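Asker: structure for this input, please:
(3 chains)
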Amino acid sequence: MRTPFRLGLAGLAAASLLAAGCSSSPSSSSSGGYNWSNATSAASGGGMSALVKAAKAEGTLNVIALPNDWANYGTIIKDFSAKYGIKVNSIQPSDSSAQEVTYIQQKKGTSVSADVLDVGGSVATASTSLFAPYEVATWSSIPAGLKDSSGLYVGDYGGYMSVGYDSAKFGTITSLSQLLGSKFKNDVALNGNPTEANAALNGVMMASLAEGGSAGSIADGVNFFHKLKVAGNFNTTQATPDTIKAGTTPVVFNWDYLNTASVVGQSASTWKLFIPANATLGGFYYQAINKDAPHPAAARLWEEFLFSQAAVGGQNLWLEGGARPAEQAAMTTNGSINQTAAAALPPVTGTPIFLTQAQATVAATYLAANWPKAIS
Amino acid sequence: MAAATATKTGARPVRAGRRPPLAWVGTVPFLAYAGIFLLLPTGIVVWNAFKGNSGGWTLSNISALNTGPVRTAFKGSIELCVISSVAGAVLGAILAYAVASGNPEGLIRRLYLAGSGVLAQFGGVTLAFAFLATIGPAGLLFKAGWYSNFPWGIGLIYAYFQIPLMVLVFLPAIDGLKIQWREAAENLGGSTWHYWRYIAGPLLTPAFTGAALLLFANALSAFATIEAWEDQINYVVPQSISGSLISEVGLANAHEGDALALGLIVVVVIVMTGYFFLQRRAARWQS
Amino acid sequence: MAELNPPLADLAADLTGRPAAARRPGGLRASQRRRLNLFRYTAFTIFGLFFLLPLLSMVRFSLEGLTPGSWSVAAWTQLVSYPGPPPLLSSIEITLELAVISSGVMLILVVPTMIWIRLRVQWFSRVMEFICLLPLTIPAIVLVVGLAPIYNQIERYNVSALMLFWAYVVLALPYAYRALAAGLAAVDAKTLSEAARSLGARWPTVMLRVIVPNMWQAILNSLLLTVALVLGEFTVAYLLGYVNLQTNLFEISRSSENAGVLFSASAATLLFAFILLLILSYAGRRLRRGQR
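Answerer: As a prediction, this is how the structure comes out:
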C-alpha cells in the first residue's frame, strides 16, 4: 500500500535531481560592491569605468525580442559582446512587446529574466511599474517628446510606415490606390494582426491617412483594407522574409527599416519601397530596463552602448540598419552621424505624423470591434 | 495477509483484519500530481475569469463575451471543430477498419500505427508550412485557392492530425469485434450489409461517436496550427485568448482571456459529458 | 492497444489444435476477402498519399538551395550547427532529455497507480479515466494560463527548461493511459495477483515482477506516445517562455536566415519518432513471444 506512494516519491525526487539544470539565484551585486539596480545614471555608480567593470563581472546580458535582422540588431549584439566580452542571450526574438512584459513578469526574480526591453509606445507607458529609471550619458541629446521624464523609458529608434514591393512584378508603385488593381490578387500583406501588433496597427493607420483621414480615427484605414479584401488582394498570412521569398506576399506594409531589400532578403534592384507623401506615419520604439534585472550593470552598460554617439555606437548601427535613431537631430548637428547611412534612408517628403498614446488606444479599440468584420 | 484473498470486485473483506480499509491511499500520488498540475491550473483560470483588473470580483469579463468578435470566434471554433471531427472520425474509422482487418502482426498495421502515433502530435508551424509547401503558391502539387479558406482549408489541415488520432482511439473498438459474430451472421445467411447494419454498426456506434467527440474536443483546443496558418483574423477562440494575452496595442486583458477560456471549458464539459455517457454504453459490450 | 491481444484466430487455433491458416481468416468467404483486400489497398494508397505528400514537400523544400532550381543539403548539415539563437542542437538535446524524463515520470506515476486501482479500488478507475482524458480536452493555452503561477514558484528553484516535464506528463496522460489501460485489461490481474500473494509475494513483487512484465508492450507503447508528444509540443513551452525544439523551429520560421532548417528539423523529428515507434512495436512482439 505504501509502495506506489514510495515509488512515486522516489521517482519525482530522482526526476527533479536529474532535471536540475542551472539553479536560479537572482544575481545580486558582487559582495560589498555597489548595487547597480539602484543606479539612475552611470555617474551615481562611480562613472563609466566602474559601470564597465561591474558589467564585465556580471558577464552576461539577457535581451528579448530582438531579431537579428530587425534594425541591425544582429550586428549590435555582436559588437557589444565583442567590445565588452559580455555574453548576450537573445531570448525569443520573435516576441511582441506585450510578450516581453509577460516574460519578465513570469520570470521575475530568476536569472533568466530579461534585463532590457525594446517595446512599442503603448506597452511602454502601460508597464512603467516594471521598469527602473535610468538616464544615459547622452540623455540631453534625446528629444523631450521621446523620453519619460523620470527616465523609465526612452525612445531608441524609429521609422516610417512604408509599402515594400517587388518592382520586377509590379513596376513602380506611387500610391496606395494602385494596390486595389487587379494585378495584386492575394499579394498585399501586413506584418501581423493589427489588433495585436504595433507594426500592423500603424500599417492600417497609414492607409487611413493616405485615404484622407486624420490621426484621430483609423476608420478609413479599415475601410481601405476592406476594399482590398473585397478585391481579393489582401493576403491574411503574416509577411515574413520567407513568405516574400516564396512569392506569397510580394507587397508588404511594414516599417521602412524592415522593408529594405537586404532585410527582406531580396535584391535591391527589384525590391523597392515607398512612403506616401500624404501619409508619413512615424513610430518609435522605446528602451527600458527591467527593475528586477538579473544583470543590472550589464543592462545599463547596454543602454549606454545603444545611445552612444560613437561611430560604432548603437545609434549609428541602427542607422545602418535603416532605422532613424532618436539622437539623429543632435548627431547631425555635432557631426557624429554616419553620413552615408543617413543618406541611404528612404526619402521622406511629407510632414511626419506620430500617433499619441490616446490616438493609439482609440485606434486599437476601433480595430478590435471592426477589423474582423472588415476583412472576413 | 489472509484478508486479501477471494474478495469480489471492490468489496472489502468482511473481517476488518489487521489493515484498515485505506486502499485508496495508493491513489494519492497520482491525485496529488493531477491536482497540482491539471486541476489547479484549470481552477485558477476559472477563478481569474471572475476577477477584475483592479482585483475585485466582477462579471464584466463574462459579459464581455457577448460581443461580436467573441461570438464569431466561438461560432468559428465550433464550425471548424465539427467539420474536422466529422471528417476525421469518418475517414479515421475507414482507415482504422482497413488497418484492423489485416494481419495483426503485419507490416502495414505496424506502419500505420506508428505513423498515427507520430502524426497525431504533428501540428503547429511545421504542419502549416508543410501544407503551404504542398498546395501553397510555390507548392509541390498545385496552388490551391481554397488553402486559405476558413473553415475548409484549415479543416483539411486539421484532418491531418485528427485522422491519426481517430485511428489510435477507435482501433481497439474494431479489434473488439469478435470473428464469431461475423461467422454467425454468415451462418444465418446474412450478407455483409446485414452484418454491418445489424451487428457491427450498432456495436461500434457508441465507440465511434465517443471517439468523434474526443476529436471535437481536441480540435477545440488546437492553437498552434491555425495560428501559424494565419494570424490576421481571430477565427477561433484559442486565437482570441492568445490575442488577449499578447496584444501590444493596449488591448491585452488577461482576465478577458480567462473568461474566454472559461467559455471553452464549458463547451468542452458539455462535449465530454456526452462522451462519457456513450463510453458507458460501449463498455457494456466490450467487457 | 489491441495489437496486444493475441489474434483470436491464433487463440482458437491453440485451443482446437487446428492450424490457424486452415481457418477462414476473419470468417469471410474468398470473394468477400478479395473485396475486402481491394478496399484495404485502395484505402492505404489514398491515405498513404494524403499523409506522405506534405511530408515529401517538406523534405523537398529542405533540400532547396538559395537560388531557385538548385539543390543543397545545407539545411540538413545545419541541424547540428545552426547558431540560433539559441543553437538548434541545444534545443534538440533539451527536448530529447525532456522526452526521457517525462516518459519516466509518467510510467512511475501511472503504472503502479493503475495496477493498484485494478486490484484494490476498482471504483476509482472511472475517476482516473476522467482525469486522464481531461488534458486532451482542456486547451493547452488555457492550461498554460493556469500553470503560469505554478511555474513561477518552480522557477524560484530551477530555471531549466527541463522543468517542463511536470506539465508534459499531464499532457501525455490521455495517450499513455489508453495504451496502459488496454494492456492492463489484457492481463488477468486479479488472478495473477491472487496467485502470487497466495504464494507469499508482497505487493511490490506482485506489481513489479508479476503484472508489469505482462504489460511490456503497453508500457512501451505509452512510453513512445509520450515521446512523440514531447517532440511535437509547442504551445506550453512557448507561452511559459521556455526553449524547446518546437519553439526554436518557430523562431527559425520567423527569421530570415536559412528557412530550410525548419523543414529539415521537422522532417528529422518525425522520422526519428516514427522509426522509434516502429522498432519498438517489433520489440514488443519478441517480448511477448518469449513469454508463451
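Asker: wait, B:Ser240 sits on B:Ile233?
Answerer: No: checked against CB atoms under 8 Å, the pair B:Ser240 and B:Ile233 is beyond contact range at 10.3 Å. Heads up, the C-betas are built off the backbone N, CA and C, glycines and all.
Asker: stretch C:89-104 and chain A in contact?
Answerer: Yes: under the criterion of CB under 8 Å from any CB of the partner chain, stretch C:89-104 makes contact with chain A via C:97, C:101, C:104.
Asker: gap between the first one and C:Tyr168?
Answerer: I take that to be C:Glu97. Distance from C:Glu97 to C:Tyr168, counting by CB to CB, to the nearest Å: 11 Å.
Asker: who has more neighbours, those two?
Answerer: It is C:Tyr168, of C:Glu97 and C:Tyr168, that has more neighbours when counted by other CB atoms under 10 Å in any protein chain shown, with 25 against 18.
Asker: if I look at the residue of chain C found nearest chain A, how far off is chain B?
Answerer: As assessed by CB to the nearest CB, chain A sits closest to C:Ser160 within chain C, at 2.4 Å. C:Ser160 sits 17 Å away from chain B, taking CB to the nearest CB, to the nearest Å as the criterion.
Asker: next, count neighbours for that residue.
Answerer: 19.
Asker: then A:Glu327?
Answerer: Residues near A:Glu327, counting by other CB under 10 Å: 32.
Asker: also the one 10 residues further on?
Answerer: Per other CB under 10 Å, the neighbour tally for A:Ile337 reads 21.
Asker: contacting residues for it?
Answerer: When contacts are counted by CB atoms under 8 Å, 6 or more residues apart in numbering or on different chains, A:Ile337 is found next to A:315-316, A:319, A:328, A:331.
Asker: does A:Val252 count as helix, strand or coil?
Answerer: With DSSP: H, G, I helix; E, B strand; the rest coil as the basis, the three-state label of A:Val252 is strand.
Asker: residue closest to the middle of chain C?
Answerer: What sits nearest the mean C-alpha location of chain C, by CA atoms, centre = their mean, is C:Leu225, with 0.8 Å.
Asker: re earlier: more neighbours: B:Ser240 and B:Ile233, which one.
Answerer: Counted by other CB under 10 Å, B:Ser240 and B:Ile233 do not tie: B:Ser240 has more neighbours, with 27 against 21.
Asker: ok, and does whichever strand or helix holds that one reach over to chain C?
Answerer: Counting by DSSP states H and E, the secondary-structure element that holds B:Ser240 is helix B:237-246. Yes: with CB under 8 Å from any CB as the measure, helix B:237-246 is seen reaching chain C through B:238, B:241-242, B:245.
Asker: what about the helix or strand just after that helix and chain A, touching?
Answerer: Sequence-wise, the next helix or strand downstream of helix B:237-246 (DSSP H and E) is helix B:254-286. No: residues of helix B:254-286 contacting chain A under CB under 8 Å from any CB: none, with a closest distance of 8.7 Å.
Asker: mean confidence for helix B:254-286?
Answerer: Averaged across helix B:254-286, the pLDDT comes to 78.
Asker: same check on stretch A:275-289?
Answerer: Mean pLDDT, computed over stretch A:275-289, is 90.
Asker: would you put the C-alpha positions of it in CSV?
Answerer: Only the C-alpha atoms of stretch A:275-289 are listed here, as CSV (Å, rounded to 0.1, in the frame of the first residue of the first chain):
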residue,chain,number,x,y,z
ILE,A,275,6.4,56.2,-48.1
PRO,A,276,3.3,58.1,-49.2
ALA,A,277,3.8,61.8,-49.1
ASN,A,278,0.4,62.4,-47.6
ALA,A,279,0.7,59.6,-45.1
THR,A,280,4.1,59.9,-43.4
LEU,A,281,3.4,57.9,-40.3
GLY,A,282,6.3,57.6,-38.0
GLY,A,283,6.7,55.4,-34.9
PHE,A,284,9.4,54.9,-32.3
TYR,A,285,10.3,52.0,-30.1
TYR,A,286,11.4,52.5,-26.5
GLN,A,287,14.2,51.1,-24.4
ALA,A,288,13.5,50.2,-20.8
ILE,A,289,15.5,48.4,-18.0
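Asker: low-scoring stretches of chain A, by residue?
Answerer: Using pLDDT under 70 as the threshold, the predicted model of chain A has low-confidence ranges A:1-33, A:246.
Asker: and the helices in the stretch 51-200 of chain C?
Answerer: Listed in chain order, the helices of the stretch 51-200 of chain C (DSSP state H, counting those that start in this stretch) span C:74-81, C:88-120, C:124-137, C:140-154, C:165-186, C:189-198.
Asker: who in the stretch 201-350 of chain A is up against chain C?
Answerer: Counting by CB under 8 Å from any CB, the residues of the stretch 201-350 of chain A that sit close to chain C are A:240-242, A:245, A:263-265.
Asker: nearest to B:Gly106, out of the residues you listed: which one, please.
Answerer: The shortest approach to B:Gly106 among those belongs to A:Asp242, at 41.1 Å (CB to CB).
Asker: quick check: that closest one touching C:Gly260?
Answerer: No: because the distance of 9.9 Å does not satisfy CB under 8 Å, A:Asp242 is recorded as not touching C:Gly260.
Asker: any idea how chain A splits into domains?
Answerer: Under automatic domain parsing, the residue ranges defining each domain of chain A are A:42-158+A:284-343, A:159-282+A:348-375.
Asker: do me a favour and get the end-to-end distance for the longest one?
Answerer: Spelled out, it's domain A:42-158+A:284-343. Using CA to CA, to the nearest Å, the span of domain A:42-158+A:284-343 from its first residue to its last is 33 Å.
Asker: for it, the distance to its chain's centre please.
Answerer: Going by CA atoms, centre = their mean, to the nearest Å, the spacing between the C-alpha centre of domain A:42-158+A:284-343 and its chain's C-alpha centre is 11 Å.
Asker: next: the shortest one.
Answerer: Average the C-alpha atoms of domain A:159-282+A:348-375, do the same for its chain, and the two points are 17 Å apart (CA atoms, centre = their mean).
Asker: what does stretch A:281-300 give?
Answerer: How far stretch A:281-300 lies from its chain's middle: 11 Å, per CA atoms, centre = their mean.
Asker: any part of that stretch near chain B?
Answerer: No: interface with chain B: stretch A:281-300 contributes nothing (CB under 8 Å from any CB), its closest point being 10.8 Å away.
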